[in-house]
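Visitor: sequence isn't available, so here's the structure alone:
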């Protein structure tokens, strides 16, 4: 690892360009398809399968992340990253050549599996190559790339679909993906790789369990018997996974890491933050359009303020974390998220649109103060041989929280719409949704009360000295 940190600055910049290209492609592909789906269905048919190319991509990307992360710990980071990038690029190419809806769905799953490697291993490689004082600006840069590409996805997808055809929303990324793989092959050093046995049985149970449960949530399964089967399979697989991991020689998810007060707290906080942020974003279109009467475009611009707030705060927090106590920054972020729930509730119930944008900005600021500090701290405090799995699980917990939050915070809205199916949304139902978000923050704040993170710079320096002695 020390050798990675001693790379020349030009070489690090070249690696960062390649990594950022992968982040851009993975992020934009998670949002670009939705706007093109009407055109895709018009050509390929099977309107009933409308949601599957989107939902299965998200599930495959989320579930595969920890698998790629652990593989990079066991095999070797560079090889695993390139394999993930080539899987993603191949999935893009094949999706652009799909001949019917079933082939598109299969190729989107392949693309999602590769996409799971890009976001996770990008931040893992950053943890390998950059010292903690460098990691701040590098993390803020990659976070900005992620946010910009997420926001640009629907716009780019609409333009390509209208002007050159929907297939180019996939084909346009093949050349940049190939270039990023070549950069990694040439510039990235060999990283990690313990040579230990990979926990294949644990990986299979993890994918089966989390995949079933996330599919149940993300796809909104309408058939009761299918929903019951997914819930049963998911619950049984997760229970078996936990039992197996206790006795595995080299478990997929080292339970010791979760018991670490710093790593475990970071994962819990990311779960809660994802629950509230993505849950709020999922219900805001209904609040703004059906409750406050906005048109789709202005509503979309209001919602984007949350992402802009995240990016702005992430750029600040990524630098502050080097010189300030991590717990204090995270507590501030969670407090801002809690405050945003109060502001959004007031804006929705009173119909006070002028308060909505600053409240969503506050929500984004809170996420920006939570995500980068917990990421940088977890990478600094984790064992080097577990860097891939801890980084990937941090992202997975945030996505899992978002999936659950989207459903839980929508429930009060759904109840209101069910009671008044032909009328406008009853804005008082927003109190239930955002009140649930506020309530979720409270235990996370209590969890952080007794935790003081060590100075990351000193901890890294001590770890390096200890590593050098051995």
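Guide: Looks like it arrived, so ask away. Predicted, not measured: the structure shown is a model, and the values here were computed from it.
Visitor: which residues touch residue 108?
Guide: By C-beta atoms under 8 Å, 6 or more residues apart in numbering, the contact set of residue 108 is 33, 53, 56-57, 60, 91, 95. In short, each C-beta sits where N, CA and C put it, glycine included.
Visitor: run the last query once more with 10 Å
Guide: By C-beta atoms under 10 Å, 6 or more residues apart in numbering, the contact set of residue 108 is 29, 33, 52-58, 60-61, 91-92, 94-95, 98, 115, 170.
Visitor: so residue 27 sits right up against residue 118, yeah?
Guide: Yes. Between residue 27 and residue 118 there is a contact under C-beta atoms under 10 Å: 8.6 Å.
Visitor: okay, the two: which has more neighbours?
Guide: residue 118 (27 against 23; other C-beta atoms under 10 Å).
Visitor: which SS class is the more buried one?
Guide: Of the three states, residue 118 takes helix under DSSP: H, G, I helix; E, B strand; the rest coil.
Visitor: distance of it from residue 88?
Guide: Here the criterion is C-beta to C-beta, to the nearest Å. By it, residue 118 lies 6 Å from residue 88.
Visitor: now the common contact residues for these two.
Guide: With C-beta under 10 Å, 6+ apart as the test, residue 118 and residue 88 both reach 22, 25-26, 29, 61, 177, 180.
Visitor: top of those by neighbour count?
Guide: residue 22 (30 neighbours).
Visitor: got a pLDDT number for that residue?
Guide: We have a pLDDT of 90 for residue 22.
Visitor: so residue 103 sits against residue 96, correct?
Guide: No. At 11.2 Å, residue 103 does not count as touching residue 96 under the criterion of C-beta under 10 Å.
Visitor: which one's more surrounded, those two?
Guide: More crowded of residue 103 and residue 96, by other C-beta under 10 Å: residue 96, with 19 against 14.
Visitor: list the residues that contact residue 376.
Guide: Listed by C-beta under 10 Å, 6+ apart, the contact set of residue 376 reads 123, 126-127, 130, 132, 135-136, 138-139, 317-318, 321-322, 326, 456.
Visitor: likewise residue 355?
Guide: Residue 355 neighbours (C-beta under 10 Å, 6+ apart): 343-348.
Visitor: now with 6 Å?
Guide: Residue 355 sits next to 343, 347 when contact means C-beta atoms under 6 Å, 6 or more residues apart in numbering.
Visitor: if we can go back for a sec, out of the shared contacts of residue 118 and residue 88, who's nearest residue 14?
Guide: Proximity of the shared contacts of residue 118 and residue 88 to residue 14 was ranked by C-beta to C-beta; the top entry is residue 180 with 10.9 Å.
Visitor: for the closest one, helix, strand, or coil?
Guide: At residue 180 the chain is in helix, as set by three-state DSSP.
Visitor: my guess is it contacts residue 21, does it?
Guide: Yes. Counting by C-beta atoms under 6 Å, residue 21 is a contact partner of residue 180 at 4.1 Å.
Visitor: contacts for stretch 64-77?
Guide: 80, 84, 113, 116-117, 120-121, 190-194, 196, 198, 203, 252, 385, 388-389, 391-393, 395-396.
Visitor: please flag which of those sit within helices.
Guide: Counting by DSSP state H, the contacts of stretch 64-77 place 80, 84, 113, 116-117, 120-121, 203, 388-389, 391-393, 395-396 in helices.
Visitor: top of those residues by neighbour count?
Guide: Among these, residue 388 has the most neighbours (other C-beta under 10 Å), with 33 neighbours.
Visitor: tell me the contacts of residue 105?
Guide: Contact analysis of residue 105 by C-beta under 6 Å, 6+ apart lists 52-53.
Visitor: helix or strand: which one has it?
Guide: Assigned by DSSP states H and E, residue 105 belongs to helix 101-129.
Visitor: give me the neighbour count for the residue nearest to residue 270 when sequence neighbours are not counted.
Guide: Counting by C-beta to C-beta, 6 or more residues apart in numbering, residue 270 lies nearest to residue 398, which is 4.3 Å off, once chain neighbours are set aside. For residue 398, the neighbour count with other C-beta under 10 Å is 26.
Visitor: elements contacting the host helix or strand of residue 398?
Guide: Using DSSP H and E, residue 398 sits in helix 387-419. Using 3 or more C-beta pairs under 6 Å, 6 or more residues apart in numbering; DSSP states H and E, the elements in contact with helix 387-419 are helix 52-74, helix 101-129, helix 200-218, helix 261-286, helix 429-448.
Visitor: so for the first one, what's the average pLDDT?
Guide: Per-region confidence: helix 52-74 scores 88 on mean pLDDT.
Visitor: the second one too?
Guide: With pLDDT averaged residue by residue, helix 101-129 scores 90.
Visitor: now the next helix or strand after it: buried residues?
Guide: Downstream of helix 101-129, the next assigned helix or strand under DSSP H and E is helix 132-163. By neighbour count on 16 or more other C-beta atoms under 10 Å, the buried set for helix 132-163 is 132, 135-136, 138-147, 149-151, 153-154, 156-157, 160-161.
Visitor: where in the stretch 151-300 of the chain is pLDDT low?
Guide: Along the stretch 151-300 of the chain, segments meeting pLDDT under 70 span 218-223, 296.
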